[in-house]
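Undergrad: I'll drop the sequence and a predicted model, then ask my questions.
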Amino acid sequence: MLASKLLLAVAPPLCVACRRHAGRTEPLCRECRRTLRWLEPDPSPASGVAAWAPLAYEGPARAMVAALKFGGALALAGAMATQMAANAPSGWLESPSSGLVPVPLHPARRRRRGFNQAERLAVELAARSGRPVEDCLERAGPSTNQVGRGREERSVAIAGAVRIRAAEQPPPVAVLVDDVITTGATLAACAKALRRAGPCEVRAVAYARTPGR
């Protein structure tokens with residue numbers, strides 16, 4: 001405990017986005033928090049899947065996603081899940097028949113990264129919503145990088161690459177969890193795999209969403 005206090009005194013926490021001093025419990029400084037762009041509270045479709053995220057994927061929110069996904073800042077998952085749980089559409093996380101389904105990461109990419117950021121967010125969201133994590137999806141086929149691809153390219157690349165794990169069944173209401181929603185192609189592939197396994201209502205939540213999508 002003393003060592004932690006001394007470390008904070010010598011090297012106070014820095015803002016994830018601008019690297020200025022931030023509060024001890026906040027990943028973003030006050031100025032960056034003020035620039036966060038909050039989205040409408042109602043869900044809207046992403047490639048046919050009802051989807052919602054609290055923040056626009058830009059500025060400090062984009063920096064948060066990058067720090068978690070590429071920087072290994074796993075502690076950020078808790079703060080991100082708190083914002084998701086606090087602002088989620090009414091009824092989306094409270095249904096007793098719903099389960100949180102992490103969007104799967106290709107095994108090769110997971111080995112390189114050491115974790116699946118969607119799974120980390122799902123675990124933290126479960127702690128705040130009381131809904132269980134149902135890790136029933138997996139990626140198959142070659143690993144492809146979706147960064148920079150358009151909607152059609154993403155859809156072609158991931159088509160058929162998501163499937164239900166052996167001996168697993170999706171929950172009646174599957175709430176897909178991811179860090180960011182871009183074109184929605186990944187969500188569509190996940191929804192297709194879930195529905196193929198049996199009757200299932202699918203919705204999706206993420207920390208951020210590309211503006212206009």
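TA: Sure thing, it's come through. Residues are numbered from 1 along each chain as shown.

Undergrad: tell me which residues of stretch 71-90 are tucked away?
TA: Using 16 or more other Cβ atoms under 10 Å as the burial criterion, the residues of stretch 71-90 that qualify are Leu76, Ala77, Gly78, Ala79, Met80, Ala81, Gln83, Met84, Ala85, Ala88. Yep, even glycine has a C-beta here, placed from its N, CA and C like the rest.

Undergrad: and which of these is nearest Gly141?
TA: Of all the buried residues of stretch 71-90, Gly141 sits closest to Ala77, with 27.1 Å by Cβ to Cβ.

Undergrad: and that closest one, what helix or strand is that in?
TA: Secondary structure assignment for Ala77, by DSSP states H and E: helix 76-87.

Undergrad: pLDDT (mean, whole number) over that helix?
TA: For helix 76-87, the mean per-residue pLDDT is 96.

Undergrad: Show me what that helix is in contact with.
TA: Helix 76-87 is contacted by residues 16, 26-27, 38, 41, 53-55, 64, 67-68, 93, 117, 120-121, 123-125, 127-129, 179, 205-207 when judged by Cβ atoms under 8 Å, 6 or more residues apart in numbering.

Undergrad: at 7 Å instead, please
TA: 16, 27, 41, 54, 64, 67-68, 93, 120-121, 124-125, 128-129, 205, 207 (Cβ atoms under 7 Å, 6 or more residues apart in numbering).

Undergrad: show me the contacts for the nearest residue to Ala75 once chain neighbours are set aside.
TA: Counting by Cβ to Cβ, 6 or more residues apart in numbering, Ala75 lies nearest to Pro27, which is 8.0 Å off, once chain neighbours are set aside. When the contact criterion is Cβ under 7 Å, 6+ apart, the partners of Pro27 are Val16, Met64, Leu76, Ala79.

Undergrad: I'd like to know which of those is nearest to Arg110.
TA: Distance to Arg110, by Cβ to Cβ, is smallest for Leu76 among the contacts of Pro27, at 18.2 Å.

Undergrad: what's the spacing between the closest one and Gly48?
TA: 30 Å (Cβ to Cβ, to the nearest Å).

Undergrad: next one: Thr183
TA: Where Gly48 is concerned, Thr183 sits at a distance of 12 Å (Cβ to Cβ).
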